[in-house]
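[1] sequence isn't available, so here's the structure alone:
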């Protein structure tokens, strides 16, 4: 099964050589699960020619806000709506989670309660899961077809499921502790409150849910689809 990775952002230059770029992290996360991958750097306006260029699509994180004015966002939203309408499965992580919701009629804002950084505890339909997070933006209004599949007190819409068409998660199963520490060292100064960084440092090693999320993503991509590709 071919998964098209739509790269919506980039790892900081200081971290890329040692820890990889965002697509590299997803390839590692989903390694050994029967997928092959092709990357389109949509942030740089490199888009697939067709939604049928892959069997499923995975949208990465980004430092950009889904609500911001960037050239790549309108065509990306058009692509999301086309894939969704034709039943080509979509998975979105962090920014990917947010832009899918926005494209389908939801609302994303810079949340007034601030940041989630480092290991966070979630309830995924009664199953406790701890994942690394790095976000201030949140989905605050759901598209019509979306149902909540994961939450915590800070982020009520931490995972969304749209039938068999889309599965999205606010946290970062692809981020290991070394990368979170790298973000704290390169992107957090003067941006993220120090008490949150201190709390994240204390919880290094707690995020152990990546393999479970990889299983959920695999199962979502591989499930039989109710709507065949190309159907109306």
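    Here it is on my side, so go on. Just so it is clear, the model here is predicted, and its values are computed rather than measured.

[2] just the mean pLDDT for the helix or strand harbouring residue 220, thanks.
    Assigned by DSSP states H and E, residue 220 belongs to helix 210-222. Averaged across helix 210-222, pLDDT comes to 98.

[3] how about stretch 6-17?
    Averaging pLDDT along stretch 6-17 yields 95.

[4] center of the chain - which residue?
    The residue lying closest to the centre of the chain (C-alpha atoms, centre = their mean) is residue 93, at 0.5 Å.

[5] mind checking how far it is from residue 73?
    Taking C-beta to C-beta, to the nearest Å as the criterion, residue 93 is separated from residue 73 by 17 Å. C-betas here are computed from N, CA, C, even on glycine.

[6] any idea which helix or strand comes after the least confident helix or strand in the chain by mean pLDDT?
    Between all helices and strands in the chain, the lowest mean by mean pLDDT, DSSP states H and E belongs to helix 13-19, at a mean of 93. The helix or strand immediately downstream of helix 13-19 is helix 22-29, counting by DSSP H and E.

[7] what's the angle between that following helix and helix 210-222?
    90 degrees (axes from the mean of the first three to the mean of the last three C-alpha atoms, to 10 degrees).

[8] what pLDDT does the residue nearest to the centre of the chain get?
    98.

[9] regarding residue 99, what is its secondary structure?
    Reduced to three states with DSSP: H, G, I helix; E, B strand; the rest coil, the structure at residue 99 is helix.

[10] before I go, just wanted to say thanks for your time.
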